[in-house]
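# Fold the following, please.
(2 chains)
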Amino acid sequence: MANEELNQVELNQLEEEYNELIRQRIQKLEELKEKGQDPFEIVKYDRTHTSKQIKDNYEELENKTVKVAGRLMSKRIHGKAGFSDIHDRYGKLQLYVKIDNVGEEKLKFFKSLDLGDIIGVEGEVFKTKTGEISVLVKDFTLLTKSLRPLPEKWHGLKDPDLRYRQRYVDLIVNENVRDTFIKRTQIIKAIRKFLDDRDYIEVETPILSPIAGGAAARPFITHHNALDIDMFLRIATELYLKRLIVGGFERVYEIGKNFRNEGIDVRHNPEFTAIELYQAYADYNDMMELTEQLVEFVCKEVLGTTKVTYQGTEIDFKAPWDRITMKEAVKKYAGIDFDSIQSDEEAREIAKKMKVEDELKKELKDCNKADILVALFETYAEKHLIQPTFVLDYPVEVSPLTKKKPNDPAFTERFEAYVFGREIANAYSELNDPIDQKERFLQQLRERELGDDEAYMMDDDFINALEIGMPPTGGLGIGIDRLIMFLTDSYSIRDVILFPTMKPTK
RNA sequence: GAGCCACUAGCUCAGUCGGUAGAGCACAAGACUUUUAAUCUUGGUGUCCGGGGUUCGAUUCCCCGGUGGCUCACCA
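Sure, this is the predicted structure:
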């Protein structure tokens, strides 16, 4: 086949695969290659300053020559001159190109650049007559040819599907998205600082594990070929971290992903980031203080204030937070006093009267006082807990890793922290009695046999660790994504996860 | 997993009571040496999400499917 015919075939393929805008850009790239100016052959560019450095040090840099680099985001061409904006990681920087400085050929090249191209620029720092700090271009280099057009400059990229699937585009054109993810990094950094300053050590425990323990959730199952065993992605870090308390580390934490094979919505992503920490010789009261101080510190460090507005509601994270027991909350918001309820039968009558049957996970007849207390709490109380509030003392049945209250063994030393009606933290005085723990696991196994596929799995080695001996210990878990949602006023968890889980497109 | 809604140019969106479609931005050509959503003139954007049905004719109506959003369920 002749070359001309080959080229025609290639052109036809381009026609099919790409629209006109992309073909034009590919054409421009081809012309550059023919002239020996293939931008993709360039391996580096030594810039001297970022946009921020130039703006922060204008007095010093005025009329000095600098080299900057970034993505071309707008062009305003006026014949023999033109203005243009490039963006680097710190923001926008205006360029001024004049034929007097670059010559006719280079000006023509500049005009042919497309929005989205990445360029390196050498020029002098100056202020325009409107006062904008800019760079007067003396020379520039095309470092990367962008082959696809960017979204519209005024409205940005709005389509949620595209924003999540092509986060790189979202980040280029939506400044608030960049800000959110920079804050995310700062929040996690502040958490580490707070804990490191208090002598906690950060550790890494297995994500891939033969037992998915430490929480009630459906796990992802995978397979290890060489060992020929099924393995689970972790649903929590709890049981490994407590082993390290047994090992004598005394204060440990881990920030990492957990994986739960459950639904996706504005508050749930199958993989999400949590922190868990454990402190020997402490109880859940210590964990409460630690939680409110940690969050207060993070707010001040990242936002400079403890007050945030979330979806139009002001929330103040300043410590101390409100404390209320689950029973008190149900009494306050549902009007039911559980201290006066003697039997499961009586509780079931209440459940019917209060219309919480649909909230129950089992048939009403199989429910006990604890199940109904929790259902009433979730139905009537949760939504009122707008300002940060610790809900204390959960029933033992729903807390299989928690110490019972010494004076009230039907309840446990456990709290969850609520903000805006949502749980953001969960903490216990950790159960360290190996015999009790084994019984609780066995109870969970019975629940599993009754069809609860979220019941806890038996972990014999964890029992072994407790038999070696774990000191009295306080433990705390915080949903990092949710905390970030509050501190960045994000409605959906997908807005604080760079690449949220999406169904693949065919 | 269920219900409701959306899907039209690269992007943001109009529109067609059923007769194959428009605007702005972006793009192309021209004018313009301090603009900043630059401006002015001119021009072309397209599997109207996919498949089937009804119809002389479907982007539009109906059914099935895809992806997403919201609400609910599960859950943190």
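# which element is the residue in the stretch 351-500 of chain A that RNA strand B sits nearest to on?
At 3.5 Å from RNA strand B, residue A:423 is the closest residue in the stretch 351-500 of chain A, using Cβ to the nearest atom of the strand. For the C-beta atoms, the positions are set from N, CA and C on the backbone; glycine is no exception. For residue A:423, the host element (DSSP states H and E) is strand A:422-429.
# got it, and residue A:463?
Going by DSSP H and E, residue A:463 is in helix A:460-468.
# Just after that helix, pick out the following helix or strand.
Counting by DSSP H and E, what follows helix A:460-468 is strand A:473-479.
# and the one helix or strand residue A:244 maps to, what other elements does it pack with?
For residue A:244, the host element (DSSP H and E) is helix A:238-246. Counting contacts by 3 or more Cβ pairs under 8 Å, 6 or more residues apart in numbering; DSSP states H and E, helix A:238-246 is packed against strand A:251-259, strand A:271-280, helix A:460-468, strand A:473-479.
# so of those, which one's packed in deepest?
Counting by mean count of other Cβ atoms under 10 Å, strand A:473-479 has the highest mean neighbour count of these, with a mean of 24.
# by contact count, what packs against that strand?
helix A:238-246, strand A:271-280, helix A:284-303, strand A:422-429.
# Please identify the pairing partners of that strand and their relative orientation?
Paired neighbours of strand A:473-479 in the sheet (DSSP bridges): strand A:271-280 (antiparallel), strand A:422-429 (antiparallel).
# what's the angle from that strand to strand A:251-259?
Orientation of strand A:473-479 against strand A:251-259 (axes from the mean of the first three to the mean of the last three Cα atoms, to 10 degrees) gives an angle of 40 degrees.
# Beyond strand A:473-479, next helix or strand please.
helix A:480-488.
# average pLDDT for that following helix?
For helix A:480-488, the mean pLDDT works out to 95.
# which residues are contacting it?
A:179-180, A:183-184, A:187-188, A:191, A:255, A:267, A:269, A:272-275, A:295, A:298-299, A:302-303, A:308, A:310, A:315, A:419-420, A:422-424, A:490-493, A:495-497 (Cβ atoms under 8 Å, 6 or more residues apart in numbering).
# Now it - C-alpha only, PDB.
C-alpha atoms of helix A:480-488 as PDB (Å, rounded to 0.1, in the frame of the first residue of the first chain):
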ATOM      1  CA  ILE A 480     -11.800  11.200  58.400                       C
ATOM      2  CA  ASP A 481     -13.800  11.800  55.300                       C
ATOM      3  CA  ARG A 482     -16.800  12.900  57.300                       C
ATOM      4  CA  LEU A 483     -14.700  15.200  59.400                       C
ATOM      5  CA  ILE A 484     -13.300  16.700  56.200                       C
ATOM      6  CA  MET A 485     -16.900  17.100  54.900                       C
ATOM      7  CA  PHE A 486     -17.800  19.300  57.800                       C
ATOM      8  CA  LEU A 487     -14.600  21.400  57.700                       C
ATOM      9  CA  THR A 488     -14.900  22.000  53.900                       C
END
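# how about that helix, does it get close to RNA strand B?
Yes - using Cβ under 7 Å from any atom of the strand, helix A:480-488 reaches RNA strand B at A:481, A:482.
# Buried residues, that helix. List them.
A:480, A:481, A:482, A:483, A:484, A:485, A:486, A:487, A:488 (16 or more other Cβ atoms under 10 Å).
# which residues touch residue A:157?
Per Cβ under 8 Å, 6+ apart, neighbours of residue A:157: A:151, A:163, A:166, A:169, A:170, A:173, A:174.
# Three-state assignment for it, please.
coil (DSSP: H, G, I helix; E, B strand; the rest coil).
# Which pLDDT value belongs to it?
At residue A:157, pLDDT is 94.
# measure the closest residue to it other than its chain neighbours to RNA strand B for me?
Of all residues not flanking residue A:157 in the chain, residue A:151 sits nearest, at 4.2 Å (Cβ to Cβ, 6 or more residues apart in numbering). Look at residue A:151 and RNA strand B: by Cβ to the nearest atom of the strand, to the nearest Å, they are 3 Å apart.
# re the thing from before, what angle do helix A:238-246 and the helix holding residue A:463 make with each other?
Counting by the same axes, to 10 degrees, helix A:460-468 lies at 30 degrees to helix A:238-246.
# Residues contacting helix A:460-468 from elsewhere in the structure, which ones?
A:213, A:239, A:242, A:243, A:246, A:432, A:433, A:434, A:437, A:438, A:441.
# what pLDDT does the nearest residue to residue A:89 once chain neighbours are set aside get?
Spatially, and ignoring its direct neighbours in sequence, residue A:89 is nearest to residue A:50 (7.1 Å; Cβ to Cβ, 6+ apart). pLDDT recorded at residue A:50 is 97.
# Please report the distance of residue A:50 from RNA strand B.
In terms of Cβ to the nearest atom of the strand, residue A:50 sits 18 Å off from RNA strand B.
# What are the phi and psi values at residue A:124?
Dihedral angles of residue A:124 (phi, psi; degrees, to the nearest 10) stand at phi -100, psi 140.
# on that earlier part again, CSV for the strands paired with strand A:473-479, including mean pLDDT?
Output for the strands paired with strand A:473-479, formatted as CSV (pLDDT from 0 to 100):
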stretch, mean pLDDT
strand A:271-280, 97
strand A:422-429, 94
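# Of all those strands, which one comes closest to residue A:347?
Closest approach to residue A:347 among these (Cβ to Cβ): strand A:422-429, 23.2 Å.
# Flag the helix or strand of chain A with the lowest per-element mean pLDDT.
Ranking every helix and strand in chain A by mean pLDDT, DSSP states H and E puts helix A:3-17 at the bottom, with a mean of 50.
# helix, strand or coil for residue A:30?
Assignment for residue A:30 (three-state DSSP): helix.
# Same check on the one 3 residues further on?
Recorded secondary structure, residue A:33: helix (three-state DSSP).
# need the contact list for the nearest residue to residue A:199 once chain neighbours are set aside.
Distances taken as Cβ to Cβ, 6+ apart place residue A:251 nearest to residue A:199, at 5.7 Å, with adjacent residues excluded. Residue A:251 sits next to A:198, A:199, A:200, A:201, A:277, A:278, A:279, A:280 when contact means Cβ under 8 Å, 6+ apart.
# No further queries at this time; thank you.
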